[in-house]
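Student: Quick one, what's the 3D model for this:
(one chain, ligands or ions: 1)
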Amino acid sequence: MPGPKRDDAPTAPAPSAPDIRYMFEPRGVAVIGASDNPKKIGHSIVSNIIEGGYKGGLYPVNPKGGELLGRKMLASVEDAPGPVDMAVITVPADAVYGVLDGCARKGVKFLVIITSGFSETGNSREEHRIVERAREGGMRVLGPNIFGVYSRAASLNATFGPKGILPGSVAIISQSGAIGSAMMGKTAAEHIGLSAMVSIGNKSDLDESDCLEYLMRSEQTRVIMMYMEGVKDGERLLRVLREATARKPVVVIKSGRSKRGALAAASHTGSLAGADEVFEDVVAQAGAIRAENIQEALDWSKFLAEAAMPEGQSTLIVTNGGGIGVLAADACEKYGVGLLDDVQTIKAHFQSVVPPFGSLKNPVDLTGQATPDDYDKSLGAALSLENVHGVVCLYCETGVFDPDRLAAIVKARYDQFRAVKPIVFSFFGGQVLEDRVAMLRHAGVPVYTDVYEAVSCLGAAFRHQATRAYAAGATPFQPPRIDAAAIHRAIDGALADGRTFLLAHESRAVMDAVGVRMPRARVARSLSESVLAAKEIGFPVVMKVVSKDIVHKSDAGGVALDLDDEREVVDAYQAIMQSCRAYAPKAVIEGVEVMQMVRGGVETIVGARRDPSFGPTLMFGLGGIYVEVLKDVSFRSSPIDRREAFRMVSDIRSYSLLLGVRGEERKDIEGIIDALLRLDQMLKACPQVTDVELNPLRVFDEGEGVIALDARILLAAIAPAPAPGAAAVPPHPNPSSSPTTVSKEGS
Ligand code: COA
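Tutor: Numbers count the residues shown, from 1 in each chain. Sure thing, here's the model as predicted:
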């Protein structure tokens, strides 16, 4: 079951597109290609639907007629006596198109196409043809190349996956059929109850966003887990994710963390925007929590489906071993779990159970002599304290302990407090203990053998809660105004000239209109003009050759720095001309750019571009010569507000450099935020701009601002610019019209 590899954008849904609810709660289901051969998929699906207890009408369709598992086989879907909202199609690829007319006439709303052999094998034409026909007939398509749909709301197991699904409150959307199908078995084995399981395969029409639209509103679903391989309409996904994560946790796993294939972008910013880094940041911005692997995602989903959400930031660790307590504290830092610092409270409530050689800090160390009763008292205290918002309870096996008594206490305390605050347990020891762990897990208690596993689940709850609190705290935001008309004048000039990049002086004019400061500069066309310009600007100055034909100025010897006086300007001018002529004898040299020499400040990089998957995105990172090695960058999907811009800046690993190290002043973080917000406005106002990169953006001490030493701007020759004088911020551009977004295939 190979994964999908389409690169063509889906057609827009028909205006009369049916409500997605009918896919999860169909009144009747036809299986077209039902077979009496138990080895065939068309048999297995009918058998799963019957065994799953589906109460709606079930109509096996096969022109051969006869009976299947006690149901009459219909010659055509049109013969079904009741409504058919879903048709599960299990006929070979070349027969799929042929069954669509009958489905349309019957009023089928959703086609669940199990069949493989379409775009994933290069057969995109047929897939398109099917989607087009489905749309004409008022139908939507799930798949093709999928294993089906399970929906607890309808007790419908329309898949050929394993039987025995445990009903529950975790919904899984899987792009990979094989992984999804395996996850059905795995969830049952791990006692994870499902509210839905949808395989989206080639995503020829319906995708994860459509499923999220339903699942976020489904009362039976408490957590949504998504396995993704590629993103087609990333902008829509982020919009829907934001809405979904405001209601419930969304856990995401995405394969393809490697950078291969992600570095083909045109600009420097593009090369830093390895697709996975962008994905990581923008889905987190939309509130989803990304798991490293399937096991972690399953653990988190199971925990989040059952746990109470924390109402604050402080967690208390209770342990009988110092070492494991320290490990738990490390894990808390790693997974963003805050620890209670209130030593007075800890002392007051735990003094009676902690011996003098134990610890009355956090972790609370009951020591190796702790008894089950000590655990009972400690757990009771920790879980009752108002300023404790989460509890980690650790136990290292000792000989002085009755494991059955511990298990009973843990179960009782968990049941008592499970609805009040999140609790995780980690028991570390031999077989006897592992058996108790298995028993407790079976009973739904979140017990883990590994302390990191336990804390990572708690961390997922804290992260989700933080996301919700952040989203709820948004306030109206007035973006900075930019001069869109002036930007368009510069862009139109370059496009009229047949260029998709701006020359230095055009970029400067654009940055002026955007409101980002650049060094003072003039273009000089002769030696005497250079000297005059340098005097006007003020020494020291920098000189750079101006020529459309010389892209790599330094390589051509076309740059001179630190020119302190008139004589140095004269020498540098002559040296630049000489070496550029030798480097590119046919180049037309227009002159030199004389520029104020800027000293000091921290070098950063700020970028804005149209990402192939997610549309307008912004980038910030530490600049300078190591930028590509360190890749200390953060990304956000546009639009951003001031809070998000600040998060973006403070997200990078070297943020402390901006706070001032070794007695240095704090840097002008507000200046960076302002530059990011202005570039964001520029992307909105100018659909022709595909890439902007300010590198370096020098950041001075607080209050002294920022200055872009270089601005690189790339364009796409698309829709004409809005008339000059139009609103400063025209409506958001349609990204699908930008050449950079032609390919919707995933990151
Ligand atoms: N209407 C109704 N039934 C039809 C039909 C039509 N127009 N055309 C054929 N059928 C019947 C066949 O007669 C057959 O029934 P039978 O067993 O009684 O003869 C049944 O549909 C299935 O057709 P068949 O030709 O036997 O195909 P198959 O079962 O071997 O394979 C698929 C069909 C869809 C399963 C196969 O083509 C396929 O795509 N397999 C991969 C599925 C997959 O892995 N999906 C991704 C999961 S992640």
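Student: The helix or strand residue 393 falls within pairs with which strands, and in what direction?
Tutor: According to DSSP states H and E, residue 393 maps onto strand 390-396. Applying DSSP bridges, strand 390-396 is found paired with strand 315-319 (parallel), strand 423-428 (parallel).
Student: Dump it to CSV, keeping only the CA atoms.
Tutor: Written as CSV, here are the backbone C-alpha positions of strand 390-396 (Å, rounded to 0.1, in the frame of the first residue of the first chain):
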residue,chain,number,x,y,z
GLY,A,390,-0.4,18.0,38.2
VAL,A,391,1.2,15.1,40.0
VAL,A,392,4.0,12.7,39.1
CYS,A,393,4.1,9.7,41.4
LEU,A,394,7.2,7.5,41.1
TYR,A,395,8.0,4.2,42.7
CYS,A,396,11.3,2.2,42.5
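Student: Check what contacts that strand and list those residues.
Tutor: Here strand 390-396 makes contact (Cβ atoms under 8 Å, 6 or more residues apart in numbering) with 310, 314-321, 323-325, 328, 332, 337, 363, 368, 375, 379, 382-383, 401, 406, 410, 421-429, 433, 451, 454-455, 458, 461-462. For every residue, glycine as well, the C-beta is placed using N, CA and C.
Student: overlap between those residues and the residues near the ligand?
Tutor: Of the residues in the contacts of strand 390-396, proximity to the ligand by Cβ under 6 Å from any ligand atom holds for none.
Student: taking those one by one, which sit in strands?
Tutor: 315-319, 423-428 (DSSP state E).
Student: Which of these lies at the shortest distance from the ligand?
Tutor: Each of the ones in strands among the contacts of strand 390-396 was scored against the ligand by Cβ to the nearest ligand atom, and residue 424 proved nearest at 34.1 Å.
Student: residue contacts, that closest one?
Tutor: Here residue 424 is in contact with 303, 390-393, 446-448, 454-455, 457-458 (criterion: Cβ under 8 Å, 6+ apart).
Student: Next one: the residue nearest to it when sequence neighbours are not counted relative to residue 642, how far apart?
Tutor: Using Cβ to Cβ, 6 or more residues apart in numbering and skipping the chain neighbours, the partner closest in space to residue 424 is residue 454 (4.1 Å). Distance, residue 454 to residue 642, by Cβ to Cβ, to the nearest Å: 37 Å.
Student: and the two? which has more neighbours close in?
Tutor: A direct count of neighbours by other Cβ atoms under 10 Å for residue 454 and residue 642 places residue 454 higher, at 26 against 17.
Student: Please look at that one and residue 427 and confirm they touch.
Tutor: No. Counting by Cβ atoms under 8 Å, residue 454 does not reach residue 427; the two are 9.4 Å apart.
Student: shared neighbours of those two, anything?
Tutor: Residues touching both residue 454 and residue 427 (Cβ under 8 Å, 6+ apart) are 447-448.
Student: OK, contacts around whichever residue of the stretch 151-300 of the chain sits closest to the ligand?
Tutor: Taking Cβ to the nearest ligand atom as the measure, the point where the stretch 151-300 of the chain comes nearest the ligand is residue 177, at 1.8 Å. Shown in contact with residue 177 (Cβ under 8 Å, 6+ apart): 1, 145-147, 199, 201.
Student: Which pLDDT value goes with residue 274?
Tutor: If you check residue 274, the pLDDT there is 49.
Student: Out of the strands paired with strand 390-396, which is closest to residue 547?
Tutor: Checking the strands paired with strand 390-396 against residue 547 by Cβ to Cβ gives strand 315-319 as the closest, at 61.6 Å.
Student: From residue 529, how far out is residue 153?
Tutor: From residue 153 over to residue 529 the distance is 76 Å, taken as Cβ to Cβ.
Student: I'd like the strands paired with strand 390-396 as CSV, with mean pLDDT and distance to residue 474 appended.
Tutor: What follows is those, written out as CSV (pLDDT from 0 to 100; distance: least, Cβ to Cβ, whole Å):
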stretch, mean pLDDT, distance to residue 474
strand 315-319, 96, 26
strand 423-428, 96, 31
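Student: Turn those strands into CSV, including distance to residue 116.
Tutor: Converted to CSV, the strands paired with strand 390-396 look like this (distance: least, Cβ to Cβ, whole Å):
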stretch, distance to residue 116
strand 315-319, 47
strand 423-428, 41
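Student: Of those strands, give the one that comes closest to residue 498.
Tutor: Here strand 315-319 is closest among the strands paired with strand 390-396 (Cβ to Cβ), at 61.3 Å.
Student: Can I get that closest one in CSV? Just the C-alpha atoms.
Tutor: C-alpha atoms of strand 315-319 as CSV (Å, rounded to 0.1, in the frame of the first residue of the first chain):
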residue,chain,number,x,y,z
THR,A,315,3.5,20.0,39.3
LEU,A,316,4.6,18.0,42.3
ILE,A,317,6.8,14.9,42.1
VAL,A,318,6.4,12.2,44.8
THR,A,319,9.1,9.5,44.9
